[in-house]
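Peer 1: Sequence and computational prediction follow.
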Amino acid sequence: MVKDIAFFLAMELITLLNRCYHFKGFVYHHARFGPGHKSIEVTVRPRTGSAAQCSICRRPAPGYDRLPERRFEFIPFWGFFVFFLYQMRRVSCSQCGVVVEHVPWGDGKHQLTQAYSLVLARWARKLSWKETAQSFHTTWDKVRDAVESVVNWGLEHRTLDSIRSIGVDEIQYAKGHKYLTLVLFRSRPLSGAGRLVENLSSRMRGNEIAA
Ligand SMILES: [Zn+2]
């Protein structure tokens, strides 16, 4: 009976993933409970006939070989940890050489899927990183990785075209004279902007801008 319920939950998860987190070129092949029934492991495979993409130029490229199976952590489900298990392919790209393929749910640097990183990073804005880690039964390091990953994504995709002026301030952190420089992007020019830039320039010359 317990085995039947476990099988049902695992299969139900695949159905939900296909509805909500489906990626062209990949299929959720099988789901099973991990050791101790604390996690659900979902094996992911390339769709038959689907070419891998180079992770650098994102162009389709012929396969080269396959790496050992990796685990990518997804958003916990019904109180279970969820892992995608996938053997990443290496491709022989005509422009970039032999490189690992691009996978749409994560990257080669982080264990967390992008979806889970986003969830953790959003909660880390409301709670401390420690509280976020405790709430998700995960580690402080993973919360840090999630925030770093989301911030890096934001920096890579940011556009500065609409920014016409900036505001600069300093905020004190920790004890003693430790300051962070806070830069605000504004859509309207600041009054007294000339004086601000003048002050900023003089401080930068004096190497005082970095906290
Ligand atoms: Zn390439």
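Peer 2: Cool, the structure landed.
Peer 1: Up against the ion, what does this protein have?
Peer 2: C54, I56, C57, C93, Q95, C96 (CB under 5 Å from the ion). For glycine as for every other residue, the C-beta is placed from the backbone atoms N, C-alpha and C.
Peer 1: does the second one count as helix, strand or coil?
Peer 2: For I56, the secondary-structure state derived from DSSP: H, G, I helix; E, B strand; the rest coil is coil.
Peer 1: Ignoring the adjacent residues along the chain, who's closest to it?
Peer 2: Of all residues not flanking I56 in the chain, C96 sits nearest, at 4.4 Å (CB to CB, 6 or more residues apart in numbering).
Peer 1: Which residues are in contact with that neighbour?
Peer 2: Shown in contact with C96 (CB atoms under 8 Å, 6 or more residues apart in numbering): C54, I56, C57.
Peer 1: one step back: narrow the residues of the chain next to the ion to just the buried residues.
Peer 2: For the residues of the chain next to the ion, a burial check counting by 16 or more other CB atoms under 10 Å picks out C54, C93.
Peer 1: could you dump the residues of the chain next to the ion to JSON lines with pLDDT?
Peer 2: Formatted as JSON lines, the entries for these read as follows, by pLDDT from 0 to 100:
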{"residue": "C54", "pLDDT": "96"}
{"residue": "I56", "pLDDT": "94"}
{"residue": "C57", "pLDDT": "95"}
{"residue": "C93", "pLDDT": "96"}
{"residue": "Q95", "pLDDT": "95"}
{"residue": "C96", "pLDDT": "96"}
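Peer 1: Tell me how the protein divides into domains.
Peer 2: The chain breaks down by automatic domain parsing into domains covering 2-108, 116-158, 165-205.
Peer 1: quick one: which of these has the weakest pLDDT on average?
Peer 2: Lowest mean pLDDT within the domains of the chain: domain 165-205, at a mean of 60.
Peer 1: Tell me how many other residues crowd L9.
Peer 2: 15 (other CB atoms under 10 Å).
Peer 1: for the protein, what spans make up the strands?
Peer 2: Ranges of strands in the chain, per DSSP state E, are 26-33, 39-46, 52-53, 60-61, 63-77, 80-93, 97-100, 165-172, 179-186.
Peer 1: could those strands go into TSV alongside distance to V143?
Peer 2: Written out in TSV, the entries for the strands of the chain read as follows (distance: least, CB to CB, whole Å):
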stretch	distance to V143
strand 26-33	26
strand 39-46	19
strand 52-53	29
strand 60-61	34
strand 63-77	12
strand 80-93	15
strand 97-100	26
strand 165-172	22
strand 179-186	20
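Peer 1: Looking at those strands, which is nearest to R122?
Peer 2: strand 63-77 (11.4 Å; CB to CB).
Peer 1: Outside of that closest one itself, list whatever touches it.
Peer 2: For strand 63-77, the surrounding residues in contact (CB under 8 Å, 6+ apart) are 13, 21, 40-42, 51-52, 81-92, 98, 100, 105-106, 111-113, 115-116, 119, 136-137, 142.
Peer 1: ok, now with 7 Å
Peer 2: When contacts are defined by CB atoms under 7 Å, 6 or more residues apart in numbering, strand 63-77 is touched by residues 13, 40, 52, 81-92, 98, 100, 105-106, 111-113, 115-116, 119, 136.
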